[in-house]
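Engineer: got a structure for you, letters missing:
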Ligand code: A2P
């Protein structure tokens, strides 16, 4: 049994989930199977990752029923709009091989088409009312996006999944989430993401940070384990990605040690304010990518 967080509608969610962003489809089923065998009971995917089908396959290969795994996925921007988002739910569940989802979130705020973002969220509210999803939420929403969404819809998102690691911890967004009772969920929780060859090449990786390294050495743990511990002790959800069986297991072995308040504060102080991933306010042509039916 892994530690759980209680969402704002009472639903319980394992705090540590397994991420599959950039997991190639041909490696995803094996990675998910390994993760579930190691003990993860929460998987986070997205229509835009192109591997929902393989996530479903991994669950079956692990010998689990979907009801035993907390399943989270995301609606891509090209499916925003009321009817389109209801249809996106059908596409996602068909690919995953399930008839309901635990958590369905909007992948991006899409500021240049916010009317459609609001309509998409209203479709999530409908799915929630109909019992097709256990909770609904958003991803990559900054304070302004949250304010506008909350002013125009009924259900406060249960989760806001944002880029969050020691070099970019977004205290302003975390504060906005907390004010509204929204759980902050960290993507790239160990700061490992590179988006494509050459992306952020000149940036230091937080996995090599000397402060994290020293804390890790003191506990006989790895830097990744220390960062995941930091996320969990702050009461956040985290969804580390790996396709490597040893690192999948390593990232789950974080429930038997504790960071001191001083260590937590030293990690908090590493924030650079510089994001590694794309800015949610910058429109991008990938928004127009069509999510296939099958
Ligand atoms: P790999 O899949 O080869 O393990 P994040 O989820 O923070 O974005 O990090 C994901 C990246 O970090 C991936 O490139 C992943 O590569 C790598 N990674 C995952 N777990 C670890 C770990 N325990 N130590 C070092 N790198 C890791």
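Structural biologist: Cool, the structure landed. Note that this is a predicted model, so its numbers are computed, not measured.
Engineer: May I see the buried residues of the helix or strand that residue 175 is a member of?
Structural biologist: With secondary structure defined by DSSP states H and E, residue 175 is part of helix 171-180. Buried residues in helix 171-180, counted by 16 or more other CB atoms under 10 Å: 173-174, 176-177, 180. Placement of C-beta: from N, CA and C, glycine included.
Engineer: got it, and stretch 93-104?
Structural biologist: 93, 95-96, 98, 100-104.
Engineer: Return the residues of this protein in contact with the ligand.
Structural biologist: Within the chain, the residues that sit near the ligand (CB under 6 Å from any ligand atom) are 19, 188-193, 207, 222, 224, 240-244, 247, 250-251.
Engineer: What subset of the residues you listed is buried?
Structural biologist: Buried among the residues of the chain next to the ligand by 16+ other CB under 10 Å: 19, 188-193, 207, 222, 224, 240-243, 247, 250-251.
Engineer: ok, back up a step: restricted to helices, list the buried residues of stretch 93-104.
Structural biologist: Members of these lying in helices (criterion: DSSP state H): 93, 95-96.
Engineer: Relative to residue 258, how far out is the one residue in the chain that gets nearest to the ligand?
Structural biologist: Nearest residue of the chain to the ligand (CB to the nearest ligand atom) works out as residue 192 at 2.3 Å. Going from residue 192 to residue 258 by CB to CB, to the nearest Å gives 23 Å.
Engineer: same question, residue 109
Structural biologist: Note on residue 109: its distance to residue 258, by CB to CB, is 35 Å.
Engineer: Also residue 189?
Structural biologist: Going from residue 189 to residue 258 by CB to CB gives 17 Å.
Engineer: Tell me which of the residues of the chain next to the ligand fall in strands.
Structural biologist: Mapping the residues of the chain next to the ligand onto strands (DSSP state E) picks out residue 19.
Engineer: ok so, going back, what sits up against the helix holding residue 175?
Structural biologist: With CB atoms under 8 Å, 6 or more residues apart in numbering as the test, helix 171-180 has contacts from 141-143, 146-147, 150, 156-157, 160, 162, 164, 182-184, 271.
Engineer: Contacts only, for residue 291.
Structural biologist: Residues in contact with residue 291, defined by CB under 8 Å, 6+ apart, are 47-48, 76, 78-79, 88, 91.
Engineer: now it, nearest residue through space, not along the chain?
Structural biologist: residue 47 (4.5 Å; CB to CB, 6 or more residues apart in numbering).
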